[in-house]
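Chemist: I'd like to go over a predicted model; first the sequence, then the structure.
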Amino acid sequence: MNGIDPICGMVGKIPAHGHYFCCTLCIEKYEQVYHIRPKSYKDKIPAILLVGILLFGGIFCIYNREFMTYFMGIVLVSLSVLKIIDWGGFIEAFRMYDLIAKKSLVYASVYPIIELSAGILLIMNIFVRFAAVIVVLVTFVGSISSIQIIYRKRSVRCACMGTKIKVPMTAFTLVENLVMFGMAMLLITSFSW
């Protein structure tokens, strides 16, 4: 069954709050307008766990570099799969804040594939420096984008874990980017050809 999205007026197919919405962003806008809070703190547990795993795993990898390529690869593949699950929603959310994605639909569209490819290369332990350079570039842009959002105190949903896990852009997002950036820089400078 379809209905008219109360936010944008388009045909909606996603039922929520007694209406039909065209996308998850419109649902979130509706929730903001009508001050509807998330169901519970439990909804954020997967995001908190993922950020915690990344931070502690990143710190462990700095001390044990043999494990670093596998850990980074697993994290990148996992995050890209979360983005691909709702690819259209990811593109829409990512274009709200990323510096390059705002100007390039192509970049926003292929970002999960870039991330997935870099992750697979790291797990397979081939073209490690190339994969690390890719990670450095995307995390650098992501860090600049995060700094701008945090500095301007804008409320933006982070698309780093896709759109199914709703996480706001916070200092944790910046720390996540910086940890991945640091690990990738270590790989570039220390990995032998």
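Modeler: All right, it came through fine. Since this is a predicted model, take the numbers as computed values, not measurements. Residues are numbered from 1 along each chain as shown.
Chemist: When you work out contacts or count neighbours from here on, use the C-alpha atoms and nothing else.
Modeler: Will do.
Chemist: Which residue ranges make up the domains of this structure?
Modeler: Per automatic domain parsing, the structural domains of the chain span 3-33, 41-190.
Chemist: next SSE after the one helix or strand residue 131 maps to?
Modeler: Under the criterion of DSSP states H and E, residue 131 resides in helix 128-152. Counting by DSSP H and E, the next helix or strand C-terminal to helix 128-152 is strand 157-158.
Chemist: Which strand residues bridge the most centrally placed residue in the chain?
Modeler: For the chain, residue 160 is the residue whose C-alpha lies nearest the centre (C-alpha atoms, centre = their mean; 0.9 Å). Beta-bridge partners for residue 160, by DSSP bridges, are residue 162.
Chemist: Residue 76 is in contact with that one, correct?
Modeler: No. With contact defined as C-alpha atoms under 8 Å, residue 160 does not reach residue 76; the gap is 10.3 Å.
Chemist: which residues in this protein form strands?
Modeler: 3-4, 11-12, 14-16, 19-21, 157-158, 167-168 (DSSP state E).
Chemist: now these as JSON lines including mean pLDDT, mean neighbour count and distance to residue 182?
Modeler: Formatted as JSON lines, those follow (pLDDT from 0 to 100; neighbours: other C-alpha atoms under 10 Å; distance: least, C-alpha to C-alpha, whole Å):
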{"stretch": "strand 3-4", "mean pLDDT": "84", "mean neighbour count": "16", "distance to residue 182": "46"}
{"stretch": "strand 11-12", "mean pLDDT": "85", "mean neighbour count": "17", "distance to residue 182": "42"}
{"stretch": "strand 14-16", "mean pLDDT": "80", "mean neighbour count": "14", "distance to residue 182": "40"}
{"stretch": "strand 19-21", "mean pLDDT": "84", "mean neighbour count": "21", "distance to residue 182": "40"}
{"stretch": "strand 157-158", "mean pLDDT": "74", "mean neighbour count": "21", "distance to residue 182": "20"}
{"stretch": "strand 167-168", "mean pLDDT": "69", "mean neighbour count": "18", "distance to residue 182": "23"}
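Chemist: what about the chain, any weak spots by pLDDT?
Modeler: 1, 35, 37-48, 50-51, 62, 65, 154-155, 167-168, 170, 191-193 (pLDDT under 70).
Chemist: Now do the helices in it.
Modeler: Applying DSSP state H to the chain gives helices spanning 24-33, 45-63, 65-85, 87-94, 105-124, 128-152, 171-190.
Chemist: In a markdown table: the strands of the chain, plus distance to residue 185.
Modeler: As requested, these are exported to a markdown table (distance: least, C-alpha to C-alpha, whole Å):
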| stretch | distance to residue 185 |
| --- | --- |
| strand 3-4 | 48 |
| strand 11-12 | 44 |
| strand 14-16 | 42 |
| strand 19-21 | 42 |
| strand 157-158 | 24 |
| strand 167-168 | 26 |
